[in-house]
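Asks: Give me a model of this one.
(2 chains)
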2 protein chains.
Amino acid sequence: MTKTHIVHAFDKDLEKVKALLLEMGGLVENQLSLSVRAVVSRDAVLGEKVRKTDRRINELEQKINEKSVRLLALRQPMAQDLRIIVAVMKAASNLERIGDYAKNVAKRSSVLARFPPVGSAANTLARMNDLVLQMIVDVLDAFIGNDVPAAEDVRLRDEDVDLMHNSLFRELLTYMMEDPRNISPCMHLLFIAKNIERSGDHIVQIAEQIHYLVEGKFPEQRRPKGDRTSTMVVEMTREN
Amino acid sequence: MTKTHIVHAFDKDLEKVKALLLEMGGLVENQLSLSVRAVVSRDAVLGEKVRKTDRRINELEQKINEKSVRLLALRQPMAQDLRIIVAVMKAASNLERIGDYAKNVAKRSSVLARFPPVGSAANTLARMNDLVLQMIVDVLDAFIGNDVPAAEDVRLRDEDVDLMHNSLFRELLTYMMEDPRNISPCMHLLFIAKNIERSGDHIVQIAEQIHYLVEGKFPEQRRPKGDRTSTMVVEMTREN
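Replies: So this is what the prediction gives:
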């Protein structure tokens, strides 16, 4: 076998693994979209469907890992080819986690369907989720195109998600204080919001992998972080 | 260079990477322990110390990744040697996430120090955390000893963490309903409990990596999962 043959075989295998990553990304994006739709439309059946599909995501991650390890063993790639395989495995692990979050949102949607809606919180959630969904699409494009500026753009956009998370957190805590009957549903909405916010963080990690695979190092500048919910307190108003 | 030389050099490098993983594990265990102690003892200064140490954990993960990639490139290991490097990188990523959770717990401890204690919730948190801390110690031992039965034991013990999480979740929701002044502190306690529960999940993933690196495949049997908080609702009592 000539050297050219080996190179072609490696590129072909690598394309296959990347295609699996894209397939996984599309599935994860769809799952997260449907899970939040189940919350907004109070659709317990849709929630159940999302929960069942999560298995396919996990299987895809395992397939990507197996193929990547085989590529490492058989083709013994160097430099950027090696980095890209490591980055693919790490990105698959981030996508799997987002899939887990979608599954958790779907679970909570079934509970929420039993309560009256709490203000317009579900719609705010959906808007926040739309930002994250677009980040998934864009980070995968950037990954396939080795596009560092596009990855950096995605990374910076996560701050908008954090800011929406802050205001939703405050809103939900206020609803809880106004009426104790809101406590159970708001609790689940708070955890759903957190799941979406964490999904954004995982996309940031994928964006940072793109820096690494193209440039061999991670971005030096720390991204601006907007999430303040871990130190947030909503004071009691006089009425309570 | 003879083949024996190459093998020895690989083993030496591998030992170095494993030592870094142990160092990282010890640091993460300490961080999680201190963060919960900051909650229990209402010690904002200790919380701040934990937050500042998180950077060292991230640096260790990056060092492990760099050394692992270099090992893959220079030594081009096969079979179990290859799997162990992949497993080390994955375990480092799990440990880094637990470090993030500890940092988040520490952040919330500063807020909680400003509120009166809520029942005995902090002590329950500490007991739950003790289970997780022991799981970290045991999973690292199992990793170094390639000990599948020990890893399986750790994996199964996570159910106890889930069960404690359920009962704490219910307790905190009840405190919130009893008095709206409890809502802000209980919110933070709920997220802290969730962070500890998720840390347990990450240790389970490390335990599963041990199966993979020794046997070349993941455990087939699904572990018993006890976490029911995503579908939990606490009904209003007549007094509310």
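Asks: Going by C-alpha atoms from here, please, whenever you check contacts or count neighbours.
Replies: Fine.
Asks: ok, A:Ala44 - contacts?
Replies: A:38, A:109-110, A:113 (C-alpha atoms under 8 Å, 6 or more residues apart in numbering or on different chains).
Asks: What parts of chain A come near chain B?
Replies: Neighbours of chain B within chain A, by C-alpha under 8 Å from any C-alpha of the partner chain: A:69, A:72-73, A:76-79, A:82-83, A:86, A:104, A:107-108, A:110-111, A:173, A:176-177, A:180-181, A:183-185, A:188, A:230-236, A:240.
Asks: Buried subset of these as a ChimeraX selection?
Replies: Of these, the buried ones go into a single ChimeraX selection, burial set by 16 or more other C-alpha atoms under 10 Å in any protein chain shown:
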select /A:69,72,73,76,77,78,82,83,86,104,107,108,110,111,173,176,177,180,181,183,184,185,188,230,232,233,234
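Asks: State the pLDDT value of A:Met1.
Replies: The score at A:Met1 is 52. That number is its pLDDT.
Asks: helices and strands around the strand or helix carrying A:Cys186, which ones?
Replies: Element membership of A:Cys186, judged by DSSP states H and E, is helix A:183-215. When contacts are defined as 3 or more C-alpha pairs under 8 Å, 6 or more residues apart in numbering or on different chains; DSSP states H and E, helix A:183-215 sits against helix A:79-112, helix A:121-144, helix A:148-178, helix B:148-178.
Asks: Any idea how far the longest one is from the middle of the chain?
Replies: What that stands for is helix A:79-112. The chain centroid and the centroid of helix A:79-112 are separated by 6 Å under C-alpha atoms, centre = their mean, to the nearest Å.
Asks: next one: the last one
Replies: Here the centre of helix B:148-178 is set off from its chain's centre by 14 Å, with C-alpha atoms, centre = their mean.
Asks: One more: stretch A:96-114?
Replies: 13 Å.
Asks: quick one: average confidence on it?
Replies: Stretch A:96-114 carries an average pLDDT of 95.
Asks: Name the residues of it that are buried.
Replies: A:96-113.
Asks: which other residues reach that stretch?
Replies: A:28, A:31-32, A:35-36, A:38-39, A:42-44, A:46-48, A:50-51, A:54, A:57-58, A:61, A:185, A:188, A:192, A:195-196, A:198-199, A:202, B:230-233.
Asks: can you check stretch A:167-183 too?
Replies: Stretch A:167-183 is contacted from outside by A:118, A:121, A:124-125, A:186, A:189-190, A:193, A:229, A:232, A:234, A:236, A:240, B:173, B:176-177, B:180-181, B:183-184, B:236, B:240, using C-alpha under 8 Å, 6+ apart.
Asks: Give me the buried stretch members for the helix ranked longest in chain A, please.
Replies: Longest helix in chain A by number of residues, with DSSP state H as the criterion: helix A:3-40. Residues of helix A:3-40 classed as buried by neighbour count (16+ other C-alpha under 10 Å): A:10, A:13-14, A:17-18, A:20-22, A:24-29, A:31-40.
Asks: Now do that helix against helix A:121-144, angle only.
Replies: 180 degrees (axes from the mean of the first three to the mean of the last three C-alpha atoms, to 10 degrees).
Asks: Beyond helix A:3-40, next helix or strand please.
Replies: Following helix A:3-40 in sequence, per DSSP H and E, is helix A:44-75.
Asks: A:Leu125: what's it in contact with?
Replies: By C-alpha under 8 Å, 6+ apart, A:Leu125 lies in contact with A:36, A:168, A:193.
Asks: Surely the first one is in contact with A:Arg127?
Replies: So the one you mean is A:Val36. No - using C-alpha atoms under 8 Å, A:Val36 makes no contact with A:Arg127, being 9.9 Å away.
Asks: B:Leu190 versus the residue nearest the centre of chain A, what's the distance?
Replies: Geometric centre of chain A, nearest residue: A:Ser199, 3.2 Å, by C-alpha atoms, centre = their mean. Taken as C-alpha to C-alpha, to the nearest Å, the spacing of A:Ser199 relative to B:Leu190 amounts to 19 Å.
Asks: got it, and A:Arg181?
Replies: Taken as C-alpha to C-alpha, the span from A:Arg181 to B:Leu190 is 18 Å.
Asks: State the number of residues packed around the residue nearest to A:Val17 when sequence neighbours are not counted.
Replies: Setting aside the residues directly before and after it, A:Val17 is nearest to A:Ile64 in space (C-alpha to C-alpha, 6 or more residues apart in numbering or on different chains), at 6.1 Å. Number of residues near A:Ile64 (other C-alpha atoms under 10 Å in any protein chain shown) recorded here: 24.
Asks: List the contacts of A:Ile64.
Replies: Residues near A:Ile64 by C-alpha under 8 Å, 6+ apart: A:17, A:20-21, A:89, A:92.
Asks: Closest one to chain B out of those residues, please.
Replies: The closest of the contacts of A:Ile64 to chain B turns out to be A:Met89 (C-alpha to the nearest C-alpha; 9.3 Å).
Asks: could you measure the closest residue to the closest one other than its chain neighbours against A:Lys90, distance?
Replies: Nearest non-adjacent residue to A:Met89, counting by C-alpha to C-alpha, 6+ apart: A:Asn65, 6.0 Å away. Distance of A:Asn65 to A:Lys90, given as C-alpha to C-alpha: 9 Å.
Asks: which ones are touching A:Arg83?
Replies: Listed by C-alpha under 8 Å, 6+ apart, the contact set of A:Arg83 reads A:212-213, A:216, B:69.
Asks: out of the helices and strands packed on helix A:183-215, deepest packed?
Replies: Counting by mean count of other C-alpha atoms under 10 Å in any protein chain shown, helix A:79-112 has the highest mean neighbour count of the helices and strands packed on helix A:183-215, with a mean of 23.
Asks: Quick one: residues contacting A:Leu189.
Replies: A:Leu189 touches A:121-122, A:172, counting by C-alpha under 8 Å, 6+ apart.
Asks: correction: A:Gln80
Replies: A:213-214, A:216 are the contacts of A:Gln80 under C-alpha under 8 Å, 6+ apart.
Asks: Among these, which one sits closest to chain B?
Replies: Nearest to chain B, judged by C-alpha to the nearest C-alpha, of the contacts of A:Gln80 is A:Gly216 at 10.0 Å.
Asks: For that closest one, grab the count of nearby residues.
Replies: By the measure other C-alpha under 10 Å, the count of residues near A:Gly216 is 15.
Asks: Can you tell me how far it is from A:Arg83?
Replies: A:Gly216 sits 8 Å away from A:Arg83, taking C-alpha to C-alpha as the criterion.
Asks: what sits in contact with each of the two?
Replies: Residues touching both A:Gly216 and A:Arg83 (C-alpha under 8 Å, 6+ apart): none.
Asks: pLDDT score assigned to the closest residue to A:Val154 other than its chain neighbours?
Replies: Excluding the flanking residues, the one nearest A:Val154 by C-alpha to C-alpha, 6+ apart is A:Met135, at 5.9 Å. Per-residue confidence (pLDDT) for A:Met135: 98.
Asks: And A:Met135, how far from chain B?
Replies: Relative to chain B, A:Met135 is positioned 21 Å away (C-alpha to the nearest C-alpha, to the nearest Å).
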